[in-house]
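S.K.: Fold the following for me, if possible:
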Amino acid sequence: MELPAQNDDRKNLILFRGKTAFVMLNAFPYSSGHILIAPYKAVAELAGLDDEELLEIQKLTVRAIGWLVQSHRPSGFNVGVNLGRAAGAGIPNHVHWHIVPRWEGDTNFMGTVGDVRVMPQSLQDAYDKLLEVVRRDV
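M.R.: Numbers count the residues shown, from 1 in each chain. The predicted structure is shown next:
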């Protein structure tokens with residue numbers, strides 16, 4: 001996968017570039033601070049990743065959760081992998097991990113009943129808050 005130039009990281013919401021994978025803020029978040037982790041290599045299945053890629057992604061997952069704890073102070077997380085279009089993957093042939101911060105009592109009827117998503121923080125504000133923590137960790 002060809003990533004945009006580093007000078008486009010803010011525009012593309014890329015928070016961190018590793019050796020085999022990268023971390024970015026989800027442009028269509030379920031909640032504030034929703035992070036995606038993806039390998040550079042576009043593969044549809046976990047079996048398409050080698051041990052180095054899998055290990056780095058797991059380590060980035062741990063780090064990203066730490067970043068979110070510092071930046072957003074959530075009560076918990078939903079962490080999962082999207083595999084294929086039926087699983088909701090926007091890019092069906094590119095496996096990626098979601099880290100979704102959750103808070104006690106964060107259920108909201110607007111998405112279910114009103115087909116409206118309520119976000120208490122803009123994407124750029126979430127990006128700036130997270131990037132400040134990421135830069136301290138690098």
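S.K.: Low-confidence ranges, the protein, go.
M.R.: Within the chain, the stretches with pLDDT under 70 are 1-4, 86-92, 107-120.
S.K.: The lengthiest helix in it: which residues count as buried?
M.R.: Ordering each helix of the chain by length in residues (DSSP state H) puts helix 51-72 first. Neighbour counts over helix 51-72 (16 or more other C-beta atoms under 10 Å) mark 53, 56-57, 60-61, 63-65, 67-68, 71-72 as buried. For the C-beta atoms, the positions are set from N, CA and C on the backbone; glycine is no exception.
S.K.: cool, stretch 77-87 as well?
M.R.: Buried-residue list, stretch 77-87, by 16+ other C-beta under 10 Å: 77, 82.
S.K.: Equivalent analysis for stretch 29-39, please.
M.R.: Quick answer for stretch 29-39 (16+ other C-beta under 10 Å): 29-39.
S.K.: just to revisit the earlier point, among the buried residues of helix 51-72, which one lies nearest to His96?
M.R.: The nearest member of those to His96, counting by C-beta to C-beta, is Ile57 at 9.2 Å.
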